[in-house]
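**Student:** when you get a sec, could you give me coordinates for this:
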Amino acid sequence: MLALEKNPEVEAFYARFQIEVTTFERQLPSLLQRFPGEYVAIYQGKVIAHRESWDEVANYTRDCYPDEFVLIEKVAPAEKISVDMDTLEG
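**Tutor:** The predicted structure follows:
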């Protein structure tokens, strides 16, 4: 089996990504009230922009936070996944 070396840059990026995703998930109920259907940009655990268009948010973050990871997500209710167990084949 091939052993993978840990890459500190990848690990740091993943840690930042997880923080932003967790922030979005935690704040989703409030975001749904404040910005329903809009796109939000989250950077360092804070909402830094919101607009109706993904392009507007992306342009803002590119201009104001170049070379930084900023999470952009649409504010919409979380999708529920249902599985019909009778249709699964073993």
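
**Student:** residue 36 reaches residue 77, doesn't it?
**Tutor:** No: with contact defined as CB atoms under 8 Å, residue 36 does not count as touching residue 77 (9.1 Å). Glycine gets a C-beta too; all of them are placed from N, C-alpha and C.

**Student:** those strands in the chain, which residues are they?
**Tutor:** Here the chain has its strands, by DSSP state E, at 39-43, 46-51, 71-74.

**Student:** okay if I get these as a markdown table plus mean pLDDT, distance to residue 15 and mean neighbour count?
**Tutor:** Output for these, formatted as a markdown table (pLDDT from 0 to 100; distance: least, CB to CB, whole Å; neighbours: other CB atoms under 10 Å):
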| stretch | mean pLDDT | distance to residue 15 | mean neighbour count |
| --- | --- | --- | --- |
| strand 39-43 | 97 | 14 | 22 |
| strand 46-51 | 96 | 17 | 16 |
| strand 71-74 | 96 | 13 | 16 |
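
**Student:** could the ones you listed go into CSV alongside distance to residue 18?
**Tutor:** Shown next, in CSV, are the strands of the chain (distance: least, CB to CB, whole Å):
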stretch, distance to residue 18
strand 39-43, 12
strand 46-51, 16
strand 71-74, 10
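
**Student:** thanks a lot, see you next time.
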